[in-house]
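**Q** pasted the sequence and its predicted model underneath.
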Amino acid sequence: MVRKVIITCAVTGSIHTPSMSPYLPVTPQEISDAAIGAAEAGAAIIHLHARHPETGMPDQSIDAYENILSVIKQRTNAVLNITTGGSTLMSTEERLGPALHYKPEVASLNMGSMNFGLFPMLNRFKEFEYDWEEDYLRGSDDRVFKNTFKDIEMILTKCADNGTRFEIECYDIGHLYTCKHFVDRGLIEGPVFIQSVFGILGGIGQHPEDIMHMKRTADRLFGDNYRWSVLGAGAKQMQIAAQSIMLGGNVRVGLEDSLWLRRGELAETNAAQVSFAVQLVRDLGFEVATPDEARELLELKGNASVNF
């Protein structure tokens, strides 16, 4: 049987700011349309952030997600994944709010506190439409994304009764060991959905050996009790995706992770990146998982049990 590859699309995120690309979704309608387009192109899972519709600033209020979630659910069968990462400017409680309220099939969960350096993007981007953008990027040299052991335990415990599973975001090797700690305590159940993140300043790099090291360590810690996916930040997004596919993994694309379709060419839609990934999967001899196949592979509760 040909292996099925799960494609996740993260359509807007909180890393890039609106002035970096005219194609970055900002308003609820833009985010919903981007998610629907990505699902139609082949993404089984949609990873969601919300933004303030007038400024594009990250917005983790419960109200910000209401119209986004309902519209996507009505028009697709995709698995909807709500971030608990939000942005580095938010408290843990604020970041958790939407996932706790809406009870999605999947929520993201960063496995540790870390430096999260966005300031190098100021070398490329010099002009900004909104006052908050430059300060947001420049100030990242003195901000830490906070997810302590206590924070992670609180998020896992509060979501336990909702049946939400987690996209376990691992930005470095130590995050895999943190995940194993919570698996051993029974707070994370298998199959564990590991999303390895490569290329954020403050986390692991993007050399092929970095990808291999992450995969070997995850294999040793979790055996056959996990599903592996990768995202490559920036220009090496698709190179890292190809390596993951060949190593038996899954992939994440989307304008949260990279604004580019190929070198020097901005992605005009999230769907364009998904289509690129779909072709990559097929060219390498595999098949793209449908949303229901992804639900089976990850043992999700199904979209009838969400609160939207």
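**A** Sure, I can see it. Numbering: from 1, shown residues only.

**Q** now G174: closest residue in space that isn't a chain neighbour?
**A** Leaving aside its chain neighbours, G174 sits nearest to G112 (6.6 Å; criterion: Cβ to Cβ, 6 or more residues apart in numbering). From N, CA and C alone the C-beta is placed, and that goes for glycine too.

**Q** buried residues in the helix or strand harbouring I152?
**A** In this structure, I152 is located in helix 149-159 according to DSSP states H and E. By 16 or more other Cβ atoms under 10 Å, the buried positions in helix 149-159 come out as D151, I152, I155, L156, C159.

**Q** about what we covered before: and the residue nearest to G174, how close does it get to I188?
**A** Relative to I188, G112 is positioned 14 Å away (Cβ to Cβ, to the nearest Å).

**Q** what's the answer for T76, then?
**A** T76 is 27 Å from I188, by Cβ to Cβ.

**Q** and G13, by the same measure?
**A** Taking Cβ to Cβ, one finds G13 at 23 Å from I188.

**Q** again with P208
**A** Distance from P208 to I188, by Cβ to Cβ: 28 Å.

**Q** neighbour-wise, which of those two wins?
**A** Set P208 next to I188 and count neighbours by other Cβ atoms under 10 Å: I188 wins out with 21 against 11.

**Q** that one and L176 touch, don't they?
**A** No: shown here, I188 and L176 do not form a contact pair, counting by Cβ atoms under 8 Å, at 11.9 Å.

**Q** can you list the weak-confidence ranges in this structure?
**A** Along the chain, the model assigns pLDDT under 70 to no residue.

**Q** other residues contacting the helix holding I152?
**A** Residues outside helix 149-159 that contact it (Cβ atoms under 8 Å, 6 or more residues apart in numbering): 84, 92, 96, 99-100, 103, 107, 109, 111-112, 166, 178, 181-182, 187-188.

**Q** tally of neighbours for the residue lying closest to H52 once chain neighbours are set aside?
**A** Counting by Cβ to Cβ, 6+ apart, H52 lies nearest to D59, which is 4.7 Å off, once chain neighbours are set aside. Counted with other Cβ under 10 Å, the neighbours of D59 add up to 20.

**Q** ok, D59 to A235 distance?
**A** Taking Cβ to Cβ, one finds D59 at 28 Å from A235.

**Q** over to Q74?
**A** From Q74 to A235 the distance is 35 Å (Cβ to Cβ).

**Q** could you do A218 as well?
**A** Taking Cβ to Cβ as the measure, A218 falls 25 Å from A235.
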